[in-house]
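turn this into a model:
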Amino acid sequence: MEHLIGREREMMQLQRCLNSERSELVIVYGRRRVGKTFLIDQFFAGKYDFSFVGGHKLSQRIQLRNFAKALKQAMGVSSQREFNDWFDAFDALEEYLESLMTDRKKVIFIDEMPWIDTLKSDFTAAFENFWNGWAARRSDIMFVASGSATSWMVDKLVENQGGLHARITQHIYLRPFTLLETEQYLKSHGCQWDRFQIAQCYMLFGGIPFYLSLLDMRQSLVQNVDQLCFSRGGALQLEFEELYNALFTYADNYVAVVNLLANHRNGLTSQEISIMSKIDGKRLKKILTNLERCDFIMKFSYYGKKSRDCLYRLVDFYTLFYFKYIEPNKDTHDEQWWSHHHDSRSVETWQGFSFELLCLLHIAEIKTALGIAGVATEVSAWFEKSDKEKGIHGSQIDLIIERADRVIHLCEIKFCQDGYRLTSEYAMKLRERMGLFREKTKTRKALVNTFVTTFGVINKNSSSLVHSEITLDDLFKKPLVINMG
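You can find the predicted model right below:
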C-alpha cells in the first residue's frame, strides 16, 4: 500500500467494517478531487470482488452495458450478458457473489454512483431491493459506494426516507487536507519549500490532493502557478467548468452564486444573495446547501445576531483564485502572468484575504495553540457599518472566538513576509474597536486581542494589547482532540 497522508480515522472506519460480523453498507463522499477513490483503492489494494465506475452523462443503456462488461471481467467468463434494467443487473451481481467462498467478506465498490442514477433510471430502486432483499440479510458483504456529487449522496443515501432509510452502516466524509497534511504530502513528493511557501500554495489550491499532485517539485511555486493556471491548456485553467458541471445539475446557477460570493469576500446573507443573483428562496436554499456540502462555501455567524443573518463565504481557494486571476487573464496570452504579477499590490491584498480564510479553516489548530482545545467555544464575525451623518466609523472583526469560560478572543489576522510590527496608530485603532465592540454588543465578558500572524508580533512585549499570538507554525501543528466522554 502506498503511504497515505492523513486519513487515519477513515482507514480505521474501513477496517472496522471489514472485520465486522455483519454486512456493511459504507458510503464515502466529499468534493471532487479530494481523494475518495484513492483512499478506497489504497485500503483494499485494488482487490475487489466486483467494482464499477459510473460514467458521466451516459444513458442508462450504456451504463448497463458497462456494468455487464465489468461483471464479465470479475467472473472471468468470455460472454457478456445483456440487462434490460438495473433489477436485472443486481440480480446477476447476486448470483455471482453467491458463487464465491462464504468464509470472508465480499467487497463491492461502486464509484461515482450519482452518475449512474440517470433521468428516469430505476437504479436507486434496484439498489434498495438488492441491499434490503439480499445483502443486508447476510453477514459477508461489504458494499462501498462513493461519489463526488455530495448532494446526491446525502439526499439519496444518507437522508433516504425510503428503502435505504437508516441502512447506511458507515458514513465517511472526506475533507481537504489541513496545512499539516499538505506539508506532509508535498514533502513526501520531494518538495523543498518552506512553510511560508506551502501556506502560499494552500491559499492558491487549498488542501485538494489532486491539485497538489499536479505540482512539479523541480520548479518554484511561481513557475508551477504559471504552468498550471496561465499556460495554454494548463490543467487548472481548464478545471473550473468541468468541476462544477460534474457536480451539479444546472451548474450555471451554482457558478453564479460562487461568482457573487467571490466578489464579496466578507460574505453575504442568503437574502442578499437572493436579491443580487435573482434566484428565488427555495432554489437558492438548495444551491447553498449543496455548495456547503461540497466544502465550497461555509456559513458563519454574526456575533449577537440571529441564525437567519448568517454569512455565507466562499472558502474554496481554487474557485477564488480562478475568479480573481485566472478567468480575467485568459485572453492576455501571457503564459508567465503570475511571474510578472505575484509581487504586485493586488496580489498582496489578495493574500491578506486568503490568509484570513486559511485561519478560519484551521480553528482547531488555533484553539490548540491557545490552550483551549477542551473549552467549548463559538466562532463568529462582527462588523459595525459606518454612518457618515452620525459620525460613526465602520469596524470589523473577521474572527471572534467566544469561550464558555467568559473570555472572548478578538482575532487580528495579518499575513506578512516577516514579523508584524504593531504601530502606535494601529494600536489606538484596536483599542477603539474593542471599546466599540463592548458598547454595541453590551457584553460583560473579558475581551482580549489575539494576533494571528505568519512570523509573530515583533514588539509584542511593548504593548499590553497583545494578549496572545498564533504564528504560521502553530497552524501546521496537529490539533488536540479532547475526549469529553
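
only C-alpha atoms for contact and neighbour calcs from this point on.
Will do.

which elements pack onto the helix or strand of the chain with the lowest mean pLDDT?
In the chain, the helix or strand scored least confidently by mean pLDDT, DSSP states H and E is helix 150-153, which has a mean of 83. When contacts are defined as 3 or more Cα pairs under 8 Å, 6 or more residues apart in numbering; DSSP states H and E, helix 150-153 sits against strand 24-29, helix 281-293.

and the ones you listed, which is most packed in?
Among these, strand 24-29 has the highest mean neighbour count (mean count of other Cα atoms under 10 Å), at a mean of 24.

tell me the spacing between the nearest residue to F296 once chain neighbours are set aside and I287.
Spatial nearest neighbour of F296, excluding adjacent residues (Cα to Cα, 6 or more residues apart in numbering): D316 at 4.8 Å. Relative to I287, D316 is positioned 15 Å away (Cα to Cα, to the nearest Å).

ok, now S380?
From S380 to I287 the distance is 23 Å (Cα to Cα).

what do you get for V481?
V481 is 32 Å from I287, where distance means Cα to Cα.

any idea which helix or strand carries F52?
strand 50-53 (DSSP states H and E).

give me the sheet partners of that strand and which way each runs.
Here strand 50-53 has these sheet partners by DSSP bridges: strand 106-111 (parallel).

chain center to the helix or strand that the partner strand is followed by, what's the gap?
Counting by DSSP H and E, the element after strand 106-111 in chain order, helix or strand, is helix 113-116. Remark: helix 113-116 is offset 20 Å from the chain centroid, using Cα atoms, centre = their mean, to the nearest Å.

would you mind pulling the contact partners of helix 113-116?
53-58, 60, 63, 123, 145-149, 152-153 (Cα atoms under 8 Å, 6 or more residues apart in numbering).

again with stretch 39-53
Residues contacting stretch 39-53 (Cα under 8 Å, 6+ apart): 1-2, 4, 7, 11, 14, 67, 70-71, 74, 97, 106-113.

straight-line length of it, end to end?
15 Å.

again, but for stretch 167-179
35 Å.

can you mark which positions in that stretch are buried?
167-168, 170-172, 174-179 (16 or more other Cα atoms under 10 Å).

picking up where we left off before, now the element after the least confident helix or strand of the chain, going C-ward?
Criterion used, DSSP H and E; the element after helix 150-153 is strand 170-173.

pretty sure L447 is in a strand, no?
Yes. Using DSSP: H, G, I helix; E, B strand; the rest coil, the secondary structure at L447 is a strand.

quick one, domains of this protein?
The record's domain parsing of the chain by automatic domain parsing lists 8-173, 179-357, 362-475.

any stretches of this structure with poor pLDDT?
Across the chain, residues meeting the criterion (pLDDT under 70) sit at 1-2, 161, 165, 306-308, 386-393, 482-485.

L480 should be in a strand, yeah?
No. The assignment for L480 (three-state DSSP) gives coil, which keeps it out of a strand.

what sits against it?
364-365, 368, 373.

Y426 and M434, how far apart?
Counting by Cα to Cα - Y426 and M434 are separated by 12 Å.

er, K330 actually
Relative to M434, K330 is positioned 44 Å away (Cα to Cα).

for Y325, same thing?
From Y325 across to M434, the span is 35 Å (Cα to Cα).

the residue nearest to Y302 when sequence neighbours are not counted: neighbour count?
Nearest residue to Y302, sequence neighbours excluded (Cα to Cα, 6+ apart): A381, at 5.1 Å. For A381, the neighbour count with other Cα atoms under 10 Å is 20.

just want the most central residue of the chain.
Most central in the chain under Cα atoms, centre = their mean is D295, positioned 3.5 Å from the mean C-alpha point.

and the top helix by length along the chain, what does it pack against?
Counting residues, the longest helix found in the chain (DSSP state H) is helix 424-441. Helices and strands touching helix 424-441, as assessed by 3+ Cα pairs under 8 Å, 6+ apart, are absent.

from the chain's centre, how far out does that helix sit?
34 Å.

same check, this time on stretch 64-72
With Cα atoms, centre = their mean, you get 33 Å for stretch 64-72.

can you tell me what sits against that stretch?
Taking Cα under 8 Å, 6+ apart as the rule, stretch 64-72 contacts 50-52, 78-83, 85-86, 89, 93.

now the buried members of the residues you listed.
Buried among these (16+ other Cα under 10 Å): 50-52, 83, 86, 89, 93.

ok, L157 touching I168?
Yes. Counting by Cα atoms under 8 Å, L157 does reach I168; the two are 7.4 Å apart.

residues in contact with A135?
23, 141.

repeat for the one 10 residues further on
Each residue near A145 by Cα under 8 Å, 6+ apart is listed here: 25-28, 109-113.

I am finished for the moment; much appreciated.
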